[in-house]
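K.L.:
can't give you the sequence, but here's the structure:
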């Protein structure tokens with residue numbers, strides 16, 4: 001049972017959530033003795049090593065459930081998994097964040113049961129809460145549906161309905177349309193910069209009044225992605241930091257990621273001056289929690305933050321980020337991500353032996369493993385290892401890349417380009433300007449900044 005759906009989901013529960021789930025089970029399903037026995041057993045090992053022997057299916061069958069039926073363990077686990085999903089939905093719908101949606105579900109029930117006075121009583125309460133709340137883009141859609149039901153879904157015998165309900169629904173529809181078009185346009189521009197897709201141009205409609213903060217935020221982001229103006233970047237950043245508390249969490253996160261992606265695109269064109277403001281933006285997003293609330297901090301994001309800090313020699317900040325926010329990484333990849341980040345910091349500081357020791361660790365995840373192998377070769381180069389040994393290591397690495405069919409082709413090309421330039425630095429048979437031109441023409445290329453530093457001290461030895 002080590003990697004079952006049940007255990008995978010169970011392990012994401014915090015201590016208070018686990019206690020709440022236990023109470024939920026006892027209240028609703030306490031009579032299901034076998035399932036409850038299995039839950040009490042799994043709960044003991046919820047935070048332990050995945051390979052604990054007492055999580056073996058055979059052990060649970062014979063020692064916990066004490067049954068000869070081999071399917072009993074799977075059946076009870078499947079039942080628990082369904083109840084856990086049910087609990088998570090129940091817990092979410094009963095939370096304060098979902099209070100309006102909860103009442104809307106009640107409104108739908110009252111309407112279907114034709115209890116008109118209940119509908120009339122509940123509708124103003126929901127309207128008032130929407131007026132006070134920070135609305136997400138999804139809330140706009142829910143608000144439209146609410147007004148639609150209130151106006152078009154009323155009872156047949158009621159021939160007169162207040163037209164203000166229709167007008168409010170139309171206004172919500174117009175606002176939602178404008179916001180969604182802006183958001184969709186921003187997402188399309190961000191995606192185009194990452195995967196180079198050829199997408200159709202999106203026409204932005206005229207502004208809709210009243211103009212919300214969410215709409216203004218997306219409008220500024222859209223204008224930013226139209227060009228490469230640092231002033232536009234600062235304008236969005238200032239507006240965001242002033243108003244972020246009034247924006248929904250998803251839109252807060254989207255804005256930070258959009259700003260970072262825009263800056264990252266320009267940095268790849270040589271705009272190193274953006275490194276410091278982008279690092280500040282990352283730190284701001286981490287400090288206020290929008291990059292970690294309800295989501296795991298991704299390995300890629302951690303690597304980007306550390307790389308930015310290293311690029312401007314803010315090694316203490318890089319180390320602080322790893323130590324302070326490393327626990328927010330996905331538990332499955334977090335340890336490797338932190339080890340790789342610390343190795344990169346050591347490497348940048350010139351502690352090559354410490355770095356190589358961490359890079360030579362056997363990494364489980366392909367991208368981590370490939371990055372570590374590339375850096376390990378750099379460590380050999382920095383340590384003055386025999387060039388023939390490094391050349392053989394490069395050859396083995398190239399063959400390794402060829403076997404990794406699951407690796408994204410863009411990543412694979414970046415590492416192959418890195419190897420091509422490094423071999424030329426090792427061979428020392430081409431003039432410096434020719435290698436530099438080749439390096440700058442290759443895109444993508446991994447560890448480009450390091451290669452450029454090595455190229456500055458390069459001296460060709462002509463055959």
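P.N.:
It's in. Nothing here was measured: the structure is a model prediction, and the numbers come from that model.
K.L.:
who's in contact with the closest residue to residue 410 other than its chain neighbours?
P.N.:
In space, and not counting its chain neighbours, residue 410 is closest to residue 444: 6.0 Å by CB to CB, 6 or more residues apart in numbering. (Glycine included, C-beta is placed from N, CA and C.) Residues in contact with residue 444, defined by CB atoms under 8 Å, 6 or more residues apart in numbering, are 410-411, 413-414, 417.
K.L.:
surely residue 444 is in a helix?
P.N.:
No: with DSSP: H, G, I helix; E, B strand; the rest coil as the criterion, residue 444 is assigned coil and is not in a helix.
K.L.:
next one: phi and psi at it?
P.N.:
Main-chain torsions, residue 444, degrees, to the nearest 10: phi -80, psi 170.
K.L.:
again with residue 205
P.N.:
phi -70, psi 170.
K.L.:
count the neighbours of it for me.
P.N.:
Residues lying near residue 205 (other CB atoms under 10 Å) number 10.
K.L.:
right, and it touches residue 178 too?
P.N.:
Yes: counting by CB atoms under 8 Å, residue 205 touches residue 178, with 6.1 Å between them.
K.L.:
before we move on, the earlier item: most neighbours among the contacts of residue 444, which one?
P.N.:
residue 417 (21 neighbours).
K.L.:
just the pLDDT for that residue.
P.N.:
We have a pLDDT of 94 for residue 417.
K.L.:
got it, and the one 4 residues further on?
P.N.:
Reading off the confidence values, residue 421 has pLDDT 94.
K.L.:
by contact count, what packs against whichever helix or strand residue 260 is part of?
P.N.:
Take DSSP states H and E as the rule and residue 260 turns out to sit in helix 249-267. Helices and strands touching helix 249-267, as assessed by 3 or more CB pairs under 8 Å, 6 or more residues apart in numbering; DSSP states H and E, comprise helix 163-195, helix 213-224, helix 230-243, helix 275-287.
K.L.:
isn't residue 282 right up against residue 305?
P.N.:
Yes: counting by CB under 8 Å, residue 305 is a contact partner of residue 282 at 4.8 Å.
K.L.:
quick check: neighbours shared by these two?
P.N.:
residue 321.
K.L.:
so residue 275 makes contact with residue 307?
P.N.:
No: counting by CB under 8 Å, residue 307 is not a contact partner of residue 275; they are 9.2 Å apart.
K.L.:
what's residue 329 sitting at in phi/psi?
P.N.:
According to degrees, to the nearest 10, residue 329 has phi -70, psi 160.
K.L.:
now do the contacts for it.
P.N.:
Under the criterion of CB under 8 Å, 6+ apart, the neighbours of residue 329 are 296-299, 302, 337-338.
K.L.:
domain ranges for the chain?
P.N.:
Following automatic domain parsing, one gets these domains for the chain: 5-94, 101-181, 214-295, 386-463.
K.L.:
pretty sure residue 344 sits in a strand.
P.N.:
No: looking at residue 344 with three-state DSSP, it is helix, so not inside a strand.
K.L.:
next, count neighbours for it.
P.N.:
Residues near residue 344, counting by other CB under 10 Å: 23.
K.L.:
for residue 42, see how far away the residue lying closest to it once chain neighbours are set aside is.
P.N.:
Spatial nearest neighbour of residue 344, excluding adjacent residues (CB to CB, 6+ apart): residue 306 at 6.0 Å. To residue 42, residue 306 is 36 Å away according to CB to CB, to the nearest Å.
K.L.:
quick one, which of these two is more surrounded?
P.N.:
The residue with more neighbours, out of residue 306 and residue 42, is residue 306; 27 against 21, by other CB under 10 Å.
K.L.:
name the element the more buried one belongs to?
P.N.:
Using DSSP H and E, residue 306 falls within helix 299-311.
K.L.:
return the set of buried residues in that helix.
P.N.:
Within helix 299-311, the residues scored as buried using 16 or more other CB atoms under 10 Å are 299, 301-311.
K.L.:
what angle separates that helix from helix 249-267?
P.N.:
Orientation note: helix 299-311 sits at an angle of 50 degrees relative to helix 249-267 (axes from the mean of the first three to the mean of the last three CA atoms, to 10 degrees).
K.L.:
tell me the mean pLDDT over helix 299-311?
P.N.:
Mean predicted lDDT for helix 299-311 stands at 92.
K.L.:
which residues are contacting it?
P.N.:
For helix 299-311, the external contacting residues (CB under 8 Å, 6+ apart) are 260, 264, 272, 275, 278-279, 282, 286, 291, 315, 317-318, 321-322, 325-326, 329-330, 333, 336-338, 340-341, 344-345, 348, 365, 367-368, 449.
K.L.:
ok, now stretch 131-146?
P.N.:
Stretch 131-146 is contacted from outside by 100-101, 104, 107, 123, 126, 130, 169, 172-173, 175-176, 179-180, 183, 212, 214, 246-248, 250-251, using CB under 8 Å, 6+ apart.
K.L.:
swap in stretch 265-278?
P.N.:
Contacting residues not belonging to stretch 265-278 are listed as 193, 228, 230, 233-234, 237, 259-260, 263-264, 308, 311-312 [CB under 8 Å, 6+ apart].
K.L.:
what's the offset of that stretch from the middle of its chain?
P.N.:
In terms of CA atoms, centre = their mean, to the nearest Å, the centre of stretch 265-278 is set 21 Å apart from its chain centre.
K.L.:
before we move on, the earlier item: from the contacts of stretch 131-146, list the buried ones, please.
P.N.:
100-101, 104, 107, 123, 126, 130, 169, 172-173, 175-176, 179, 183, 212, 214, 247-248, 250-251.
K.L.:
ok so, going back, rounded mean pLDDT for the helix holding residue 260, please.
P.N.:
Averaging pLDDT along helix 249-267 yields 88.
K.L.:
from the chain's centroid, how far away is it?
P.N.:
Relative to the chain's own centre, helix 249-267 is displaced by 12 Å; criterion: CA atoms, centre = their mean.
K.L.:
ditto for stretch 205-221
P.N.:
Distance, centroid of stretch 205-221 to centroid of chain: 25 Å (CA atoms, centre = their mean).
K.L.:
that stretch: which residues count as buried?
P.N.:
Under the neighbour-count criterion of 16+ other CB under 10 Å, stretch 205-221 has 208, 212-215, 217-221 buried.
K.L.:
what does that stretch contact?
P.N.:
For stretch 205-221, the surrounding residues in contact (CB under 8 Å, 6+ apart) are 135, 137, 174-175, 177-179, 181-183, 185-186, 232, 235-236, 239-240, 243, 246-248, 251, 255, 258-259.
K.L.:
what is the end-to-end distance of that stretch?
P.N.:
Terminal residues of stretch 205-221 are spaced 16 Å apart (CA to CA, to the nearest Å).
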